[in-house]
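Novice: sequence and predicted structure are below.
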Amino acid sequence: MKNANKKYASKDYKNAEIEYNKVLEKKNTYEANFNKANTQLQQKKIDDAVKTYQISINKTKNNIQKSKAHYNIGNALMEKQNYEKAVDYYKNAIKLNPTDTQAKENFVIAKKKQKQQEEEQKNQEKSKEKGGKAPKDGENGKNKDDQENSNSEKDNKPKNKNIQNQKNQQNTNPNDVNENEYQRILEAMNEQEQNTQKKVITNKTKNQEGFKEKNW
């Protein structure tokens, strides 16, 4: 594992992945899978990284470790602009580790990008219905506000959880989201879950009322 970690630290991701595969041949652990997934993500092997992170989740019962894997899957999905699923994985990361401020920040970023993506899709559909042509990214149809948003998004790029067995390098930049917004996010998440659970319970009750057992 040390040799693999050294190669990762030197940004030799291709050979680091090979070394982690050697480790996994001997022992299939959370750490080896998590670190291998990190190398895959660095090499832009997004789908492979997601699969390997998912394997790592199944190899541990530790919520902090599970949270890190969910967080990095969220980052991988952000790379693919799959913001809806990224939101879900960040949400899982927060549930597993409510003190993770990076997960909370990225949850907010993903939510904003998801909303923006949905609005763009709606605008494109409206444009098609009218027979017009929706402007592509980078064309002159992009207004000043969009350009400013694009520039600010560069500063909000999600950060991956660091490789296992190395010191964590904390982000020294100030948080973009304050504690009140974190609390609002968590309350909204809890309320949504409670409503879903109520619907499930109601549906179960209705099904039970409509079912009559035979008396033998």
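Specialist: Thanks, I have the structure now.
Novice: looking at this structure, which helix or strand does the model trust least?
Specialist: In the chain, no helix or strand scores lower on mean pLDDT, DSSP states H and E than helix 144-155, which sits at a mean of 42.
Novice: list the residues that contact the residue lying closest to residue 63 once chain neighbours are set aside.
Specialist: In space, and not counting its chain neighbours, residue 63 is closest to residue 96: 4.4 Å by C-beta to C-beta, 6 or more residues apart in numbering. Any C-beta I mention is one placed from the backbone N, CA and C, and that applies to glycine too. The contact partners of residue 96, taken as C-beta atoms under 8 Å, 6 or more residues apart in numbering, are 63, 64, 66, 67, 70.
Novice: can you give me the helices for this structure?
Specialist: Here the chain has its helices, by DSSP state H, at 2-9, 13-26, 30-42, 46-57, 63-79, 83-96, 101-129, 144-155, 179-209.
Novice: out of the ones you listed, name the one with the poorest average pLDDT.
Specialist: Comparing mean pLDDT across the helices of the chain, the lowest value falls on helix 144-155: a mean of 42.
Novice: for stretch 22-30, buried residues please.
Specialist: By neighbour count with 16 or more other C-beta atoms under 10 Å, stretch 22-30 contains the buried residues 23, 24, 29, 30.
Novice: ends of that stretch, what's the gap?
Specialist: Criterion C-alpha to C-alpha, to the nearest Å; first-to-last residue distance in stretch 22-30 is 14 Å.
Novice: just stretch 32-52 next, same as before
Specialist: Counting by C-alpha to C-alpha, you get 10 Å between the two ends of stretch 32-52.
Novice: from the contacts of residue 96, which would you call buried?
Specialist: Neighbour-count burial (16+ other C-beta under 10 Å) applied to the contacts of residue 96 gives 66, 67, 70.
Novice: would you mind putting the CA coordinates of stretch 2-12 into CSV?
Specialist: The C-alpha coordinates for stretch 2-12 follow below in CSV (Å, rounded to 0.1, in the frame of the first residue of the first chain):
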residue,chain,number,x,y,z
LYS,A,2,2.9,2.4,0.8
ASN,A,3,4.3,2.1,-2.7
ALA,A,4,0.9,2.8,-4.2
ASN,A,5,0.4,5.8,-2.0
LYS,A,6,3.8,7.2,-2.9
LYS,A,7,3.0,6.9,-6.6
TYR,A,8,-0.4,8.7,-6.0
ALA,A,9,1.4,11.4,-4.0
SER,A,10,3.8,12.0,-6.9
LYS,A,11,0.7,12.2,-9.3
ASP,A,12,1.7,9.0,-11.1
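Novice: how about residues contacting that stretch?
Specialist: Identification of contacts with stretch 2-12 by C-beta under 8 Å, 6+ apart yields 13, 15-16, 19-20, 22-23, 32, 35, 38-39, 42, 163, 165-166.
Novice: how close does the residue nearest to residue 21 when sequence neighbours are not counted get to residue 57?
Specialist: Closest residue to residue 21 apart from its sequence neighbours, by C-beta to C-beta, 6+ apart: residue 36 at 6.9 Å. Counting by C-beta to C-beta, to the nearest Å, the gap from residue 36 to residue 57 is 13 Å.
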